[in-house]
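1. Build me a structure from this.
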Amino acid sequence: MIDAGRLTPAHAAEVVGPRRRTVHVVLPGDIDDPAAPSGGNTYDRRVCAGLGERGWLVHEHQVPGAWPHPDPAALAALARLLAATPDDAVVLVDGLIASAVPDLLAPHATRLRLVLLVHMPLDHEAEGRALATARAVVTTSEWTRRRLLARHWLPADRVRVATPGVTPAPPAAPGSAAGHRLLCVAAVTRHKGHDVLVDALCVLAEMPWTLVCAGTLAREPELVHRLRDRLAGAGLSERVRLAGPLTGPALDAAYAAADLLVLPSRGETYGMVVTEALARGVPVLATEVGGLPEALGRAPDGDLPGLLVPPDDPAALAGALSWWWGDDELRARLRRAALARRDTLTDWPVTTARLAAVLEEVAG
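-> Numbers count the residues shown, from 1 in each chain. As a prediction, the model looks like this:
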């Protein structure tokens, strides 16, 4: 069922003030599912809370369904929700939902003040028609903004960026001398490149590395089975822990124990786990795709706080790992750069302020 009028906890008490903005936020139904954490869900949850802290009255509407591939029941529920939303309301719609339903949004484009929040561009015609219904579009990376403007006809000033924040965290303890403790934080899927990582590590079996993979194992169980077989055949099962999703203190502990975050994605719009690692001073080895270079950024002196390699290339990934393990000065330099980059990261109130500024404009 749609949670058609839920207020975030920050709004349980009445806010006193001369002017109070209201926003209706349309969210995927799995936003709070602990078994399937995602960067998009974390972003949505943090900005909903942040808008409340800024004085907005936030009505959350969670729509069940396998978005962006909804079934008829999900479409019908969303249609009812949109029809019931008051005229002239500001409505922030998660892009996973909006991109699938341009024909549902179009009849309300003049009646409602629609804002689309795009985490991941889908590059299809329906997405373009959905974006055309919005008075403003907010993307979570500059890379995504550029891609939307290149793929769809949109006025440039209508598409804004509010990159994810990061929760301040104490620096991790100094890494191990050899840097052998690897961490990958991502759902175990082909898109995230776990097969590429396992192939690279099989080439490096003589090195005494360990790997923790923190992410759901439920999305592509056949891939998980193949990875387990590959590791068992190479005699590496005891050195790779497929931990499933980790959150809260368990995830904090995984970051604290890591020498290097490895994210071998075939595509990524930003990569919040990159900034989560950097917030602790942990260097990153990632692929040079999408918004990952943007998330990695640079230290104030211009140094990269990690290494970037081509996607879908086990040899390149193995070469970067060999370099990391074989060069003491490289490890020291990347650790210094990660700590310096940590001081340049912005937190979630900045993200919320950027999104709130767009909502204010749309609200008029």
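2. got the residue ranges for the helices in this protein?
-> Applying DSSP state H to the chain gives helices spanning 39-53, 72-84, 95-98, 102-105, 125-132, 142-151, 194-203, 221-233, 248-257, 272-278, 292-296, 314-326, 328-342, 348-363.
3. I'd like to know which elements the second one is packed against.
-> Meaning helix 72-84. If contacts are counted by 3 or more Cβ pairs under 8 Å, 6 or more residues apart in numbering; DSSP states H and E, helix 72-84 sits against strand 57-63, helix 102-105. Any C-beta I mention is one placed from the backbone N, CA and C, and that applies to glycine too.
4. Next, the angle helix 72-84 makes with the first one.
-> The one in question is strand 57-63. 150 degrees (axes from the mean of the first three to the mean of the last three Cα atoms, to 10 degrees).
5. average pLDDT for strand 57-63?
-> Per-residue pLDDT values over strand 57-63 give a mean of 96.
6. Export that strand to CSV, keeping only CA atoms.
-> Provided in CSV are the C-alpha atoms of strand 57-63 (Å, rounded to 0.1, in the frame of the first residue of the first chain):
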residue,chain,number,x,y,z
LEU,A,57,6.6,19.9,5.8
VAL,A,58,7.4,16.6,4.1
HIS,A,59,4.7,14.2,3.0
GLU,A,60,6.3,10.9,2.0
HIS,A,61,4.5,8.6,-0.4
GLN,A,62,6.1,5.2,-0.7
VAL,A,63,5.0,3.4,-3.9
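7. thinking again about what came up before, and of the helices and strands packed on helix 72-84, who's closest to His225?
-> Of all those, strand 57-63 sits nearest to His225, with 32.0 Å by Cβ to Cβ.
8. Surely His194 is in contact with Cys184?
-> Yes: assessed by Cβ atoms under 8 Å, His194 is found in contact with Cys184 at 7.0 Å.
9. list the residues that contact both of the two?
-> Residues touching both His194 and Cys184 (Cβ atoms under 8 Å, 6 or more residues apart in numbering) are Cys213, Pro264.
10. still on that earlier bit, I'd like to know which of the helices of the chain lies nearest to Ile31.
-> Closest to Ile31 of the helices of the chain is helix 39-53 (Cβ to Cβ; 4.7 Å).
11. returning to what we had before: let's have the helices of the chain in CSV, adding mean pLDDT.
-> Conversion of the helices of the chain to CSV gives the following (pLDDT from 0 to 100):
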stretch, mean pLDDT
helix 39-53, 94
helix 72-84, 96
helix 95-98, 95
helix 102-105, 97
helix 125-132, 96
helix 142-151, 96
helix 194-203, 98
helix 221-233, 97
helix 248-257, 94
helix 272-278, 97
helix 292-296, 98
helix 314-326, 98
helix 328-342, 97
helix 348-363, 97
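12. Would you reformat those helices as a markdown table and include distance to Leu242?
-> Below are those laid out as a markdown table (distance: least, Cβ to Cβ, whole Å):
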| stretch | distance to Leu242 |
| --- | --- |
| helix 39-53 | 20 |
| helix 72-84 | 31 |
| helix 95-98 | 26 |
| helix 102-105 | 38 |
| helix 125-132 | 33 |
| helix 142-151 | 29 |
| helix 194-203 | 9 |
| helix 221-233 | 7 |
| helix 248-257 | 13 |
| helix 272-278 | 16 |
| helix 292-296 | 23 |
| helix 314-326 | 18 |
| helix 328-342 | 26 |
| helix 348-363 | 30 |
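13. Which of these sits closest to Ser265?
-> Closest among these, once you apply Cβ to Cβ, is helix 292-296, at 7.0 Å.
14. dump the residue contacts of Val262.
-> Leu182, Leu183, Cys184, Leu197, Leu211, Val284, Leu285, Ala286, Leu317, Leu321.
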